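Asker: compute the structure for the input listed below.
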Amino acid sequence: MNFEPTDIVIVLVSLAACAYCFVLNRRLKALQNTKDGLGATIMAMSKSISAMSSSTQETRSHVGEMATRLQRQLDEANQMCKRLETLKAELETTQQNAVDQVTATQTELGIMMRIILDQSKTRVMDMTNMMQQLRDLAEAGGAGAQGQPPVPEQRKAVSQRSG
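Answerer: Predicted coordinates:
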């Protein structure tokens, strides 16, 4: 058996390839190991992705619910604003009506007070005139009787006139 140098090179390259395959086999087994290797990393990433996916789904559903709730609250707030504007307008109208009524009542009260004061002045003047007439009568009756006291019937007549 004659070995040629190329045969020896082929055998050596084949041995090197076998050794390289053996090393690669060990590395692949290490990567596929589910405890420490790439398999564990891939499994962890898979779990993380599914957790993230479910978390994203939950977040989307919560966001949808919150958006619906927020929209409902915004609608209620808009309705409340409209109600408040209506109430404000009604209050302003009521306030203006109250001011108008107070002004009218004050004017009417002033007029009535003037009328009453005028009537009071007239009555006071009438009473003053009557008192003056009574004094004049008393003086005239006293001068005519010359010191005699007036008759009781005259006193009654005078007191009836003043009352």
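Asker: so for stretch 65-83, mean pLDDT?
Answerer: For stretch 65-83, the mean pLDDT works out to 95.
Asker: which SSE is residue 13 in?
Answerer: helix 5-32 (DSSP states H and E).
Asker: again, but for residue 46
Answerer: helix 38-145.
Asker: distance between that helix and the chain's centre?
Answerer: Remark: helix 38-145 is offset 15 Å from the chain centroid, using CA atoms, centre = their mean, to the nearest Å.
Asker: same question for stretch 35-53.
Answerer: Averaging C-alpha positions (CA atoms, centre = their mean) puts stretch 35-53 52 Å from its chain's average.
Asker: low-confidence regions, this structure specifically.
Answerer: 1, 34, 37-39, 144-163 (pLDDT under 70).
Asker: hmm, 50 instead?
Answerer: 152, 154-156, 158, 161-163 (pLDDT under 50).
Asker: packing partners for the helix holding residue 46?
Answerer: helix 5-32, helix 152-162 (3 or more CB pairs under 8 Å, 6 or more residues apart in numbering; DSSP states H and E). Placement of C-beta: from N, CA and C, glycine included.
Asker: can you redo those as CSV with mean neighbour count and distance to residue 128?
Answerer: Formatted as CSV, the helices and strands packed on helix 38-145 follow (neighbours: other CB atoms under 10 Å; distance: least, CB to CB, whole Å):
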stretch, mean neighbour count, distance to residue 128
helix 5-32, 10, 131
helix 152-162, 11, 12
